[in-house]
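[1] Any chance you can model this:
(2 chains)
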Number of protein chains: 2
Amino acid sequence: MTYELYYWPGIQGRGEFVRLVLEEAAADYIDVARQPRGEATLLAFLERQDLAYPPFAPPFLKDGNVIIGQTAAILLYLGDRHGLAPKDEATRLWVHQIQLTIADLVGEAHDTHHPLGADLYYEEQKPEALRRTKHFRKNRIHKYLDWFERILARNPGGDANLIGNTVSYADLSLFQVVEGLLYAFPKSTKTALAEFPRVAALRRTIAQRPRIRAYLDSDRRIKFNKQGIFRHYPELDC
Amino acid sequence: MTYELYYWPGIQGRGEFVRLVLEEAAADYIDVARQPRGEATLLAFLERQDLAYPPFAPPFLKDGNVIIGQTAAILLYLGDRHGLAPKDEATRLWVHQIQLTIADLVGEAHDTHHPLGADLYYEEQKPEALRRTKHFRKNRIHKYLDWFERILARNPGGDANLIGNTVSYADLSLFQVVEGLLYAFPKSTKTALAEFPRVAALRRTIAQRPRIRAYLDSDRRIKFNKQGIFRHYPELDC
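    Model prediction:
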């Protein structure tokens, strides 16, 4: 069965966490909104009246009759199917817990440039963005990376992965969130990463996995840009 | 086994979603931080060096050797154990998806009074809070409640519950989030609820469930207050 991923076509955004899993799994998938007239297809899907379980917002994944929204729930589903999550209940839930914490960080990263809400442009909330980002850069990035470093250090399977000694969807997501932070806040993130060598190493090793490398080098990988969650505004990084 | 819930003792906050499930399940649990010197116990737990899987932040639940952080992950775990989630994989994931969407709404409700970040007091970000809340009241509350109403209407098990024809942890959480919105933004929320009769009805029926009623009437239920996620500042509700 070919998966159908529904996500905004012009950005990495939350959809990217799903794309990375599908790519690592070498899964057969269509990135629906990136097909011809795909965004209209996505919007029409959101308006469907016939779905008992309609997703609230993209990203969502269609696998035959199963439709799953919410990034972390999609990864929970895919992780089980493609050997990217442990089978044991407690550790499976631990990976999910890490993913939900990454999701919190992603939400905070978004709010740096949109502290007053998504209804206003960045240019309409620039002074507020400066204030919010200062705290994010000085405290929040450090707090999250510190936790990732600690759980890597404590992983009974070794510090090359977040769980066990094989890659999980949470490793792929941690790679992605660090990439995003490096794009948006290069100075602050590089400084922070110097303190967290295991996180920095994980980012490098994930980028070198053959399927991820091929994906990153392909045109399937949308470039970071100023419409996504991670945005580089130099004034927010000094 | 007695569950141990670790959450800040003075607020409902995210811990309340867990408390409601434990109460509905009539589970044996200790609200650790509300015991004598409990907050120190919680803080000491967060500093433990011996945990392979340390939680990032409260709430977290300890069930023997299993420690689970992230509200939605805790409910996923408890739901399975106490008949508060379906067993079928697709619908179990659907309930989780609803929960994650409720979590997004909770995050947005928090940010109305702290748009610039949790490091500043509300009083230090009041003009910004006014701007952010306006969008939240006028658009976001409606968007979320509209989705909840739709999925209630479409539930193949009937519109009294979010899934099937019995209560799930997502029903309890929807009750809680509506209670929170009614406390924080009584005018806007009452107006909105008039459009969403199924959501309003669900809130009433959950409040009348015997164990929930007993809990709400007990001193185990912390009152809403101005330290929690849902805060009532009259200036934000007009």
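[2] so what are the domain limits for chain A?
    A:3-81, A:89-208 (automatic domain parsing).
[3] now those domains as JSON lines including mean neighbour count and mean pLDDT?
    Every C-beta, even on glycine, is put in place using the N, C-alpha and C of the backbone. Converted to JSON lines, the domains of chain A look like this (neighbours: other Cβ atoms under 10 Å in any protein chain shown; pLDDT from 0 to 100):
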{"stretch": "domain A:3-81", "mean neighbour count": "19", "mean pLDDT": "98"}
{"stretch": "domain A:89-208", "mean neighbour count": "19", "mean pLDDT": "97"}
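[4] Quick check: A:Glu4 vs chain B, distance?
    16 Å (Cβ to the nearest Cβ, to the nearest Å).
[5] OK, contacts around A:Ala72?
    A:96, A:99-100, A:103, B:72, B:100 (Cβ atoms under 8 Å, 6 or more residues apart in numbering or on different chains).
[6] hmm, I was thinking of A:Ile11
    Here A:Ile11 is in contact with A:222, A:225, A:227-229 (criterion: Cβ under 8 Å, 6+ apart).
[7] secondary structure element for it?
    Using DSSP states H and E, A:Ile11 sits in no helix or strand.
[8] Relative to chain B, how far out is it?
    With Cβ to the nearest Cβ as the criterion, A:Ile11 and chain B are 18 Å apart.
[9] I'd like the next helix or strand past the longest helix seen in chain A.
    Using DSSP state H, we find that the single longest helix of chain A is helix A:89-113. Scanning forward in sequence from helix A:89-113 by DSSP H and E, the next helix or strand is helix A:126-135.
[10] need the helices for chain A, in chain order.
    Using DSSP H, helices in chain A cover A:15-24, A:38-46, A:71-81, A:89-113, A:126-135, A:141-154, A:169-184, A:186-193, A:197-207, A:210-217.
[11] Quick check: which of the ones you listed is nearest to B:Lys134?
    Across these, B:Lys134 has its closest neighbour in helix A:126-135 (13.9 Å, Cβ to Cβ).
[12] Give me the angle between that closest one and helix A:89-113.
    Between the axes of helix A:126-135 and helix A:89-113, defined by axes from the mean of the first three to the mean of the last three Cα atoms, to 10 degrees, the angle is 140 degrees.
[13] other SSEs contacting helix A:126-135?
    If you count contacts as 3 or more Cβ pairs under 8 Å, 6 or more residues apart in numbering or on different chains; DSSP states H and E, helix A:126-135 packs onto helix A:89-113.
[14] The helix it packs on near chain B at all?
    Yes. Helix A:89-113 is in contact with chain B by Cβ under 8 Å from any Cβ of the partner chain, via A:90, A:93-94, A:96-97, A:100-101, A:104, A:107, A:111.
[15] Out of the residues you listed, which is nearest to B:Phe60?
    Nearest to B:Phe60 among the residues of helix A:89-113 next to chain B: A:Gln97, at 8.9 Å, using Cβ to Cβ.
[16] Roughly how far does that closest one sit from B:Leu20?
    Distance of A:Gln97 to B:Leu20, given as Cβ to Cβ, to the nearest Å: 20 Å.
[17] and what of A:Lys126?
    With Cβ to Cβ as the criterion, A:Lys126 and B:Leu20 are 40 Å apart.
[18] Serialize the contacts of A:Ile11 to CSV and add fields for pLDDT and distance to B:Ile141.
    Shown next, in CSV, are the contacts of A:Ile11 (pLDDT from 0 to 100; distance: Cβ to Cβ, whole Å):
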residue, pLDDT, distance to B:Ile141
A:Ile222, 98, 32
A:Asn225, 96, 31
A:Gln227, 94, 26
A:Gly228, 95, 26
A:Ile229, 96, 23
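[19] returning to that earlier point: make JSON lines out of the helices of chain A and add distance to B:Leu116.
    Shown next, in JSON lines, are the helices of chain A (distance: least, Cβ to Cβ, whole Å):
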{"stretch": "helix A:15-24", "distance to B:Leu116": "27"}
{"stretch": "helix A:38-46", "distance to B:Leu116": "32"}
{"stretch": "helix A:71-81", "distance to B:Leu116": "26"}
{"stretch": "helix A:89-113", "distance to B:Leu116": "10"}
{"stretch": "helix A:126-135", "distance to B:Leu116": "5"}
{"stretch": "helix A:141-154", "distance to B:Leu116": "16"}
{"stretch": "helix A:169-184", "distance to B:Leu116": "18"}
{"stretch": "helix A:186-193", "distance to B:Leu116": "18"}
{"stretch": "helix A:197-207", "distance to B:Leu116": "27"}
{"stretch": "helix A:210-217", "distance to B:Leu116": "35"}
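[20] Indicate which one of the ones you listed is closest to B:Leu202.
    helix A:71-81 (21.7 Å).
[21] by how many degrees do that closest one and helix A:169-184 diverge?
    Using the same axes, to 10 degrees: helix A:71-81 against helix A:169-184 is 140 degrees.
[22] Just want the angle from helix A:71-81 to helix A:15-24.
    Using the same axes, to 10 degrees: helix A:71-81 against helix A:15-24 is 10 degrees.
[23] can you give me the offset of helix A:71-81 from its chain's centre?
    Centroid separation for helix A:71-81 versus its chain: 13 Å, with Cα atoms, centre = their mean, to the nearest Å.
[24] Check the gap between the nearest residue to A:Gly15 once chain neighbours are set aside and A:Ala57 for me.
    Counting by Cβ to Cβ, 6 or more residues apart in numbering or on different chains, A:Tyr7 is the residue found nearest to A:Gly15 once chain neighbours are left out, at 3.0 Å. Separation of A:Tyr7 from A:Ala57 (Cβ to Cβ): 10 Å.
[25] Repeat that for A:Phe148.
    26 Å.
[26] wait, which of the contacts of A:Ile11 is closest to A:Ala207?
    A:Ile222 (16.3 Å).
[27] Quick check: the two most widely separated of the residues of helix A:89-113 next to chain B?
    A:Ala90 and A:Asp111 (31.9 Å).
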